[in-house]
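Enquirer: I need the structure of the sequence given here:
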Amino acid sequence: MKTRRNARWEIFKKLWWGFRQMSGDAAYDVYLRHWRSCGATEETPRLLTRGEFYLERIQQRYRTPSRCC
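Expert: You can find the predicted model right below:
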């Protein structure tokens, strides 16, 4: 019985991780993992807060105008 519950829980965790990856919700977690493995660089001398990270991503996305329409 426990192994079935554990197997279901593992499947749920993988699905939840995939959903967070697709929605972009896990982007900050991925950034933290990468920053910790590489450390500070010239581009990012310090660790960004969650708010600063998302603000930077939004600014990056809309910095260059879209050429559609």
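
Enquirer: quick one, phi psi at the residue nearest the centre of the chain?
Expert: The centre of the chain sits closest to Ala27, judged by Cα atoms, centre = their mean, with a distance of 1.2 Å. Per-residue torsions, Ala27: phi -60, psi -40 (degrees, to the nearest 10).

Enquirer: what's the closest non-adjacent residue to it?
Expert: Of all residues beyond its chain neighbours, the one nearest Ala27 is Arg57 (7.0 Å), with distances taken as Cβ to Cβ, 6 or more residues apart in numbering. Backbone N, C-alpha and C define where each C-beta goes, glycine included.

Enquirer: Which other helices and strands does the helix or strand where that neighbour lies contact?
Expert: Arg57 belongs to helix 50-63 when assigned by DSSP states H and E. Helix 50-63 is packed against helix 27-38, with contacts defined by 3 or more Cβ pairs under 8 Å, 6 or more residues apart in numbering; DSSP states H and E.

Enquirer: Give me the residues contacting the helix it packs on.
Expert: Here helix 27-38 makes contact (Cβ atoms under 8 Å, 6 or more residues apart in numbering) with 20, 44, 47-48, 50, 53-54, 57.

Enquirer: Please identify the buried residues of it?
Expert: 28, 31, 35 (16 or more other Cβ atoms under 10 Å).

Enquirer: The first one and Phe53: what is the separation?
Expert: Taking Cβ to Cβ, to the nearest Å as the measure, Tyr28 falls 5 Å from Phe53.

Enquirer: Same check on Pro45?
Expert: Distance from Pro45 to Phe53, by Cβ to Cβ: 14 Å.

Enquirer: Comparing the two, which residue is more hemmed in?
Expert: Set Pro45 next to Phe53 and count neighbours by other Cβ atoms under 10 Å: Phe53 wins out with 17 against 7.

Enquirer: In terms of helices and strands, where is Trp16?
Expert: helix 2-23.

Enquirer: okay, now Gln21: neighbour count?
Expert: Gln21, neighbours per other Cβ under 10 Å, totals 13.

Enquirer: actually Thr49, not the one I wrote
Expert: 10.
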